[in-house]
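K.L.:
Fold the following and give me the result.
(2 chains)
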Amino acid sequence: MTVGDLWVLAPYVIVTAGKLVHLLAVSFWRTPGVSLWTAVAVLVAGVVGLAVEAPEPSEILTGFMVVDGLTTFFNGLALVAALATAVFARTYLAGRSGEAEEFYILLVVATLGAMTMGAANHFAALLLGLEILSVSLYVLIGYPEEGHPPLEAALKYLVLSGVASTTMLFGIALVYMELGTLRFDAIGDPAGWSAITVLGHAMMIAGIAFKLSLAPFHMWTPDVYQGAPAPVTGYLATVSKGAMVIVITRYAVSTDLFSSDSAFNILLVLAVLSMIGGNVLALLQTNIKRLLAYSSIAHVGYLMIALAALARIASPDVAVETVLMYLAAYFAMSLAAFGAVSILSSSEASRDADHIDDLEGLFWRQPLASVVLTVSMLALAGIPLTMGFMAKFYVITTGVEGALWLLVWSLVIGSAIAIYYYLRVVIVMTRPAKEMVYPQNDAASLELTALTALGVTIMVFGIYPTPLITLVRTLLGLA
Amino acid sequence: MNGWDLILVLLAAGGVAWLAERFNVNAPRWISLVVLIVATFLVAGMWLGGADASGLYDQVEMAWIPRFGISVLLYMDGLSLMLVGLTVLLGVVAVVASWSEIKERHGFFQANLLWTLAGVVGVFTAMDLFLFFVFWEVMLVPMYFLIAIWGHENRGYAAMKFFLFTQVSGLLLLLAILTLVYVHYMGSGVITFSYRDLLGTQMDGTLAFYLMLGFFVAFVVKLPGVPLHTWLPDAHTQAPTAGSVILAGILLKTGAYGLIRFVVPLFPEAALEFRWPAMLLGAISVVYGGYMAYSQSDFKRLVAYSSISHMGFVLLGVFAWNMLALQGAVVQMIAHGFSSAALFMLAGALQQRLHTREMGEMGGLWQRAPRMGVVALFFVVASLGMPGLGTFVGEFLVLLGAFQVDIVLTAVAAIGIIVAAVYSLSLMQRSFQGGVSPNTEGISDFGARELSVMVLMALALVALGVYPAPVLELSEPVVTGLGVNP
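P.N.:
Modelled structure (predicted):
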């Protein structure tokens, strides 16, 4: 480790230092505004930090963290997602009693945790990042003072997430016992693994599947998504899941994990169950947050196709490229969807405007928000000219190349089912507005600007994805 | 002005029309009308300008997503030109048909109308499979809004069903396209979505059969062929008049176009192997569509089922795959475009005036609205295949060509012409003749606006029936180029 290495860690240094400034600032000026804008400044500085020192691929720092293209791309996504969350939380929290200052501090801390996971090359780094992220999330989920659902959601997440972390930790311990190393790149490929090592990996995958809410480890997802405040749900769906996707991707690439038949079969079952189960259960929902929860289960299921392809296609880099393209699309679509729900819920109402009937006539009441929500629904459904289609295109291409027919067919069937429930949301918005279902609000222009930017991103990179593809391929050293 | 500009102009005009509503509530429909009339003239100009040496009236090539060998390739050959012409012309009809029907949100309505047309123009000209797929899917979204927002009493259900059927079959198409591209990549080492490069891809017979089936299902859903037709009666019946006109007149043609352009040329052996089942489906569609049409009491639903019957001839003709049958299929596409558009417009006009589509509540309309009666009679007769009108030429050529391939199926399909006479005349009888229904009191007859487009479409059908040579000449080189059997 040299001073030069610190440059590689620039985003981490910036966010950590910024967070300290943030804490001090909030202690002196206790107003939500100061806290929000300091958080925004720290996050923007972090994004700038990514650009300042674009790292060489695979800089390994003492074996603990790796800052490569994968890390950098994810850090960018996580920082932008945190920014969007901060903006959406502004009026959401302003309309509710309680103090909002700590919210933004926790948000920045959680993002730091996710970024640490994004760079983890060592189980200790993984756990460190995971716990920073999770502990912050417990509080963020239960943040609103009044109301039962956030508390219930927070408690559920606390207990179940704790169980999952413990399971994973046990698995790690077993692997360490057998192989004597905690470094991802020293684990070696699965050819020579003992039964205990395999068992350890199974336990690890179970823990990871919980965090990714892959079926059948998804039970917590709908309840927590529904109970958590809408901006936090968006954060939970994107950053928290995305970090774990990066971890499993890096681990699978380093160890060639899925060349082991047992690991591959576990992944296969998880993916198929998630794609089919997530979509079928989403059909039954009348609450948008629950609907999006099941939809996110299905989407992570689609993403698993890229991981399964890692061991089955000629160049694994293409699978990693698919993962990143999918994550980018998934981040934009989910943030737009939850952002729209946050904006609609940013009223004095004690509950979120998350029942499907709350959307009635939205097209004519709040055209901008409803257009973006429509765009995100169409993108999630995978309609062309949106990022969602490019993501699906990538996944199917990779799946076809790896001859993963079972998975590809599950994706096709899952997406077919999905069209129904995504469109239902759109249909409800086009209905004539009845009585005011919840208080009308004038969403502040900042939130609407952020929401519009997300919608435009979904469309622009859907219509002309070449710049995004070039960025991803450059970061991965493919172009 | 070329195909790409046309698409961009339609897209932009849609946006402008949407915004223009703020300034003047009448502006959106005038914008659409003017843009579409100008577009019609431009397409006509392109036709008169003649084709270049390779038979193209226009071509556009631009890089798009080089990572996957995807480019913007738009070629306008005779077949494409003809269908694009039909598209913009029926666009004008649709705008006129909905002139006074739409009472709210004019801007968004016209925007969706123009965007659908832009998507259809793209479908008819795209020569890159990725681009084709994008247009194929994207044209459905504004169409979905047309049905879901301005449709009739059961619009939500109909719009959802329409979208589900076409999207799900679209997924199969996507999977088939990607597999085809991958197989081509494995063989040649070049990753490309260009139609011309993918022609003649060597592959295993079984795989080719499944891929062909993927394309086939996607296009037959849109055509629609029995048993994948069930979305159509609902969508057509519930859509606003302009939506029905576009659906029946143009969108169904995209399915037929796909069969001609992609299914058989890309997978000739597999298509040959599948010839009999496909022709059987065509013959069944002809008879079943006619039979169902006769059993309807709803004016619009009857016309919707008659579309299934007419498009069955196209399926029959395409899979007979000889010059006569294919030329017949092309003429049938154009003729059906006009006759069904006119009948749907008539149905819309009646619904707007009587607030019902039930033929039981009509009757004796001829006495109250003679101009409507004459128009109805003309298009009913056109629909039943009266010699001298376009439909006759189309169906006759298809039967002639199909006869050389399979006598039994041709005979079955020929029964469809008799069934067509039965349901068409029964439509006329139930709504326009018989005792005068009290509901029709004070009905206003067609005005100049409606009459002018009706006359336009009638003239087109007569021209097609008496002198189909221009259409045949336009499609002949294309059809020959696709490798049709003599």
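
K.L.:
Neighbours of the closest residue to chain B within the stretch 201-350 of chain A, how many?
P.N.:
Here the residue of the stretch 201-350 of chain A nearest chain B is residue A:321; by CB to the nearest CB that distance is 9.1 Å. The way it works is simple: take the backbone N, C-alpha and C, and place the C-beta from them, glycine included. The number of residues packed near residue A:321 is 23, by other CB atoms under 10 Å in any protein chain shown.

K.L.:
What ranges does the stretch 1-150 of chain A have for its strands?
P.N.:
With DSSP state E, counting those that start in this stretch as the criterion, the stretch 1-150 of chain A has strands at A:59-61, A:65-67.

K.L.:
Low-confidence ranges, chain A, go.
P.N.:
The model of chain A has pLDDT under 70 over residues A:1-5, A:52-61, A:347-350, A:433-444.

K.L.:
How about the residues of it by chain B?
P.N.:
Listed as neighbours of chain B in chain A under the rule CB under 8 Å from any CB of the partner chain: A:378, A:381, A:383-385, A:389, A:393, A:396-397, A:400-401, A:408, A:412, A:415-416, A:419-420, A:423-424, A:426-427, A:430-431, A:464-466, A:469-470, A:473.

K.L.:
Neighbours of the closest residue to residue B:419 other than its chain neighbours, how many?
P.N.:
Once flanking residues are discounted, residue B:419 sits nearest to residue B:290: 3.3 Å by CB to CB, 6 or more residues apart in numbering or on different chains. Neighbour count for residue B:290, taken as other CB under 10 Å: 26.

K.L.:
Next up, phi/psi of the residue of the stretch 201-350 of chain A closest to chain B, please.
P.N.:
Here is the backbone geometry of residue A:321 (degrees, to the nearest 10): phi -60, psi -40.

K.L.:
which ones are touching it?
P.N.:
When contacts are counted by CB atoms under 8 Å, 6 or more residues apart in numbering or on different chains, residue A:321 touches A:394, A:469, A:472, A:473, A:476, A:478.

K.L.:
Which ones among those map onto helices?
P.N.:
Among the contacts of residue A:321, the members found in helices (DSSP state H) are A:394, A:469, A:472, A:473.

K.L.:
Top of the residues you listed by number of neighbours, please.
P.N.:
In the ones in helices among the contacts of residue A:321, the most neighbours by other CB under 10 Å go to residue A:394, 27 neighbours.

K.L.:
Please name the residues that touch residue 419.
P.N.:
By default, I'm working from chain A. A:381, B:163, B:164, B:167, B:168.

K.L.:
switch to chain B, that's the one I care about
P.N.:
Contacts of residue B:419 by CB under 8 Å, 6+ apart are B:286, B:287, B:290, B:291, B:293, B:294, B:309.

K.L.:
what about it, distance to chain A?
P.N.:
Residue B:419 is 34 Å from chain A, where distance means CB to the nearest CB, to the nearest Å.

K.L.:
which SSE is that residue in?
P.N.:
helix B:407-432 (DSSP states H and E).

K.L.:
continuing past the lengthiest helix in chain A, what's the next helix or strand?
P.N.:
When chain A is parsed with DSSP H, its longest helix is helix A:148-179. Moving toward the C-terminus from helix A:148-179, the next helix or strand (DSSP H and E) is helix A:195-211.

K.L.:
Show which residues not belonging to the following helix or strand past that following helix make contact with it.
P.N.:
Proceeding C-terminally, helix A:195-211 gives way to helix A:220-227 as the next helix or strand, assigned by DSSP H and E. Helix A:220-227 is contacted by residues A:141, A:149-154, A:156-157, A:160-161, A:210, A:213, A:233, A:236-237, A:281, A:285, A:287, A:289-290, A:292-294, A:296-297, A:354 when judged by CB under 8 Å, 6+ apart.

K.L.:
Is residue A:110 in contact with residue A:138, as I believe?
P.N.:
No. If you go by CB atoms under 8 Å, residue A:110 and residue A:138 don't touch, sitting 10.1 Å apart.

K.L.:
Just give me the neighbour total for residue A:228.
P.N.:
With other CB under 10 Å as criterion, residue A:228 counts 28.

K.L.:
distance of it from residue A:282?
P.N.:
Distance of residue A:228 to residue A:282, computed by CB to CB, to the nearest Å: 18 Å.

K.L.:
before we move on, what about residue B:75?
P.N.:
Between residue B:75 and residue A:282 the distance is 41 Å, computed by CB to CB.

K.L.:
Tell me if residue B:73 really is in a strand.
P.N.:
Yes. Residue state for residue B:73 (DSSP: H, G, I helix; E, B strand; the rest coil) corresponds to a strand.

K.L.:
Buried residues in stretch A:280-289, which are they?
P.N.:
Within stretch A:280-289, the residues scored as buried using 16 or more other CB atoms under 10 Å in any protein chain shown are A:280, A:281, A:282, A:285, A:287, A:288, A:289.

K.L.:
Kindly apply the preceding question to stretch A:78-98 instead.
P.N.:
Buried residues in stretch A:78-98 (16+ other CB under 10 Å): A:78-93, A:96.

K.L.:
Narrow those residues to those in helices?
P.N.:
A:78-93.

K.L.:
Of those, which is the nearest to residue B:3?
P.N.:
residue A:80 (37.8 Å; CB to CB).

K.L.:
On the three-state scheme, residue B:446 is what?
P.N.:
Per three-state DSSP, residue B:446 ends up coil.

K.L.:
Find the nearest non-adjacent residue to it, please.
P.N.:
Nearest non-adjacent residue to residue B:446 (CB to CB, 6+ apart): residue B:371, at 4.5 Å.

K.L.:
Kindly report the same for residue B:43.
P.N.:
residue B:85 (4.6 Å).

K.L.:
which residues touch residue B:65?
P.N.:
A:465, A:466, A:469, B:130.

K.L.:
Give me the buried subset of those.
P.N.:
So, by 16+ other CB under 10 Å, the buried ones in these are A:465, A:469, B:130.

K.L.:
Can you give me every residue that contacts the second one?
P.N.:
Under the criterion of CB under 8 Å, 6+ apart, the contact partners of residue A:469 comprise A:321, A:325, B:65, B:67.

K.L.:
now do the last one
P.N.:
Contacts for residue B:130 (CB under 8 Å, 6+ apart) come out as B:64, B:65, B:68, B:70, B:177, B:193.

K.L.:
and if you look at the first one?
P.N.:
With contacts defined as CB under 8 Å, 6+ apart, the neighbours of residue A:465 are A:325, A:387, A:390, B:65.

K.L.:
Who wins on neighbours among the residues you listed?
P.N.:
Scoring these on neighbours with other CB under 10 Å, the highest-scoring entry is residue A:387 at 30 neighbours.

K.L.:
Relative to residue A:380, how far out is that residue?
P.N.:
Taken as CB to CB, the span from residue A:387 to residue A:380 is 10 Å.

K.L.:
Spit out the residues that contact these two alike.
P.N.:
Common neighbours of residue A:387 and residue A:380 (CB under 8 Å, 6+ apart) are residue A:333.

K.L.:
Return the distance of the longest strand along chain B from the chain's centre.
P.N.:
Ranked by residue count and defined by DSSP state E, the top strand of chain B is strand B:56-65. Chain-centre distance of strand B:56-65: 24 Å, with CA atoms, centre = their mean, to the nearest Å.

K.L.:
cool, stretch A:130-139 as well?
P.N.:
Per CA atoms, centre = their mean, the centroid offset for stretch A:130-139 relative to its chain is 14 Å.

K.L.:
Same check on stretch A:255-272?
P.N.:
Per CA atoms, centre = their mean, the centroid offset for stretch A:255-272 relative to its chain is 22 Å.

K.L.:
Same question for stretch A:212-225.
P.N.:
Worked out by CA atoms, centre = their mean, stretch A:212-225 lies 13 Å from the chain centre.
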